[in-house]
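In: Here's my sequence, what's the structure:
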Amino acid sequence: MEYFVHKTAEVSEKAKIGAGTKIWNNAQVREDAMIGMTCILGKNVYIDAGVKIGDRVKIGNNVSVFKGSVVHDGVFLGPHCCLLNDKMPRAVSPDGSLKTEKDWKICGITVKKGASIGAGAMLLPGVTIGEWAMVGAGAVMTKDVPAFGLVYGNPAELHGMVDESGRKVKK
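Out: Numbering: from 1, shown residues only. As a prediction, this is how the structure comes out:
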């Protein structure tokens with residue numbers, strides 16, 4: 001095996017895992033997920049079916065990345081952040097019947113190259129985070145973030161720009 005999976009992790013045989021990747025305690029990687037090379041998936045990470053993760057991505061403990069999401073190379077997903085995919089979540093239909101997978105309209109999230117998502121951030125369905133952007137801890141992302149944008153708050157707002165190292169730059 002060219003990658004490491006902790007004995008308590010659950011990785012589908014239908015997932016594709018890149019060389020050098022490490023998947024830690026109690027993580028779950030679902031079917032048809034694609035995890036790139038030299039990634040780190042921390043404790044209790046959940047990667048939903050069909051999610052695409054690039055190379056050299058660090059995913060902190062307790063992160064959930066739901067179906068439809070694409071995470072590009074070099075991204076950091078801080079502990080406890082969540083990439084959501086359902087704009088109108090309901091457990092049941094108006095008639096009271098339990099919803100099935102075909103009742104949901106998936107609206108994934110895209111996190112582009114080098115972006116960082118702070119701990120506890122919530123990314124709402126359909127949001128795109130631009131290259132090298134930085135999302136502050138606890139932010140609630142309701143709209144797209146430009147490349148190199150610095151956003152934080154609830155709802156998150158643009159508070160400036162950063163360089164590739166994450167330092168704030170003057171306008």
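
In: gap between Leu158 and Lys43?
Out: Distance from Leu158 to Lys43, counting by Cβ to Cβ, to the nearest Å: 32 Å. Every C-beta, even on glycine, is put in place using the N, C-alpha and C of the backbone.

In: Those two: which has the busier surroundings?
Out: The residue with more neighbours, out of Leu158 and Lys43, is Lys43; 17 against 14, by other Cβ atoms under 10 Å.

In: didn't the more buried one look like it was pressed against Pro79?
Out: No: the criterion here is Cβ atoms under 8 Å, and Lys43 misses it with Pro79 at 9.3 Å.

In: any residues in contact with both of those two?
Out: Residues within reach of Lys43 and of Pro79 at once, by Cβ atoms under 8 Å, 6 or more residues apart in numbering, are Asn61, Asn62.

In: Tell me, how many residues neighbour Lys168?
Out: Lys168: 11 neighbours (other Cβ under 10 Å).

In: cool, and Ile53?
Out: Ile53: 26 neighbours (other Cβ under 10 Å).

In: which residues touch it?
Out: Ile53 makes contacts with Ala33, Met34, Ile35, Gly36, Cys39, Ile47, Ile59, Val65, Val71, as judged by Cβ under 8 Å, 6+ apart.

In: and the gap between it and Thr38?
Out: Distance from Ile53 to Thr38, by Cβ to Cβ: 11 Å.

In: how about low-confidence regions in the chain?
Out: Within the chain, the ranges that satisfy pLDDT under 70 run 1, 171.

In: Pretty sure Lys102 sits in a helix.
Out: Yes: Lys102 forms part of a helix when assessed by DSSP: H, G, I helix; E, B strand; the rest coil.

In: dump the residue contacts of it.
Out: Lys102 touches nothing, counting by Cβ under 8 Å, 6+ apart.
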